[in-house]
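# only geometry, no sequence info:
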C-alpha cells in the first residue's frame, strides 16, 4: 500500500471540495482549482476527510495513488494558505525591481530582463536583492521560481546568481597561485 496514498486528507472549514465524476474542484478564500482523477483511482469523502484507493496493484496504479492524494492535498493547502518561494540575488550590480506586476532583473547581462508573470502568480520584491513568487497552485509557483532561477543560476566560484532562499551552493576552489614545477 502506498504510504502517501493511504493517508487521510483533512478538509478545513474554509475549503469546499466538490466531486463531479472524475473531476475534483476545490474552492477556498484564495481561489479555485480543479484536478482530474486518473483511471483506476477512486475517492471517498466522509466526516470532513477524504481518502483515495486504487483498483489494482499494477505499477501504474500504485504510482498514481500517491500522486493523486498529494495533488489534492496541495490544492486544498493552496486555496486556504497559498504557496510562496523566496529567491535571493547575489552579485555586484545584480538587482531586481518590481514595476507594476512585472519584474525587471539586472543580472550582469548587457540588458535588463523583463519577466511577465503568468496568470495566478504574484511577484513581490522585498529588497533590491530579494523577491518572492506566490500563488495557489504549488506546481505553477515552483515552475515560475525555477524559470527565474534559470535566468542566472548560481555559479560555484563566487556564488553569483539567483538562488532559492536557504539554498546551499557548493563552492569550488579557484586557481591556485604560483608557477608549475
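That came through fine. Note that the coordinates shown come from a computational prediction; the quantities given were computed from them, not determined experimentally. Numbers count the residues shown, from 1 in each chain.
# check which helices and strands the helix or strand residue 45 falls within sits against.
Assigned by DSSP states H and E, residue 45 belongs to strand 41-46. Under the contact criterion of 3 or more C-beta pairs under 8 Å, 6 or more residues apart in numbering; DSSP states H and E, strand 41-46 touches strand 16-20, strand 49-54, helix 59-80. Heads up, the C-betas are built off the backbone N, CA and C, glycines and all.
# compare those and give me the one nearest residue 3.
The closest of the helices and strands packed on strand 41-46 to residue 3 is helix 59-80. By C-beta to C-beta, the value is 7.5 Å.
# got the angle between that closest one and strand 16-20?
140 degrees (axes from the mean of the first three to the mean of the last three C-alpha atoms, to 10 degrees).
# which secondary structure elements does helix 59-80 sit against?
By 3+ C-beta pairs under 8 Å, 6+ apart, helix 59-80 packs against strand 9-10, strand 23-28, strand 31-36, strand 41-46, strand 49-54, helix 138-150.
# quick one: contacts of that helix?
By C-beta atoms under 8 Å, 6 or more residues apart in numbering, the surrounding residues in contact with helix 59-80 are 2-5, 7, 9, 11-12, 14-15, 17, 24, 26-33, 35, 37-38, 40-41, 43, 50, 52-55, 83, 135-139.
# hang on, the earlier thing: could the helices and strands packed on strand 41-46 be laid out in JSON lines, adding mean pLDDT?
Formatted as JSON lines, the helices and strands packed on strand 41-46 follow (pLDDT from 0 to 100):
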{"stretch": "strand 16-20", "mean pLDDT": "92"}
{"stretch": "strand 49-54", "mean pLDDT": "92"}
{"stretch": "helix 59-80", "mean pLDDT": "93"}
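# can you redo those as CSV with distance to residue 124 and mean neighbour count?
As requested, those are exported to CSV (distance: least, C-beta to C-beta, whole Å; neighbours: other C-beta atoms under 10 Å):
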stretch, distance to residue 124, mean neighbour count
strand 16-20, 28, 13
strand 49-54, 32, 18
helix 59-80, 17, 19
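# need the ones you listed in a markdown table (columns: distance to residue 129).
Formatted as a markdown table, the helices and strands packed on strand 41-46 follow (distance: least, C-beta to C-beta, whole Å):
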| stretch | distance to residue 129 |
| --- | --- |
| strand 16-20 | 40 |
| strand 49-54 | 42 |
| helix 59-80 | 27 |
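# how many other residues sit next to the closest residue to residue 107 other than its chain neighbours?
Counting by C-beta to C-beta, 6 or more residues apart in numbering, residue 152 is the residue found nearest to residue 107 once chain neighbours are left out, at 4.1 Å. Using other C-beta atoms under 10 Å, residue 152 has 20 other residues around it.
# residues in contact with the residue nearest the centre of the chain?
By C-alpha atoms, centre = their mean, the chain has its centre lying nearest to residue 142, at 2.5 Å. Counting by C-beta under 8 Å, 6+ apart, residue 142 touches residue 85.
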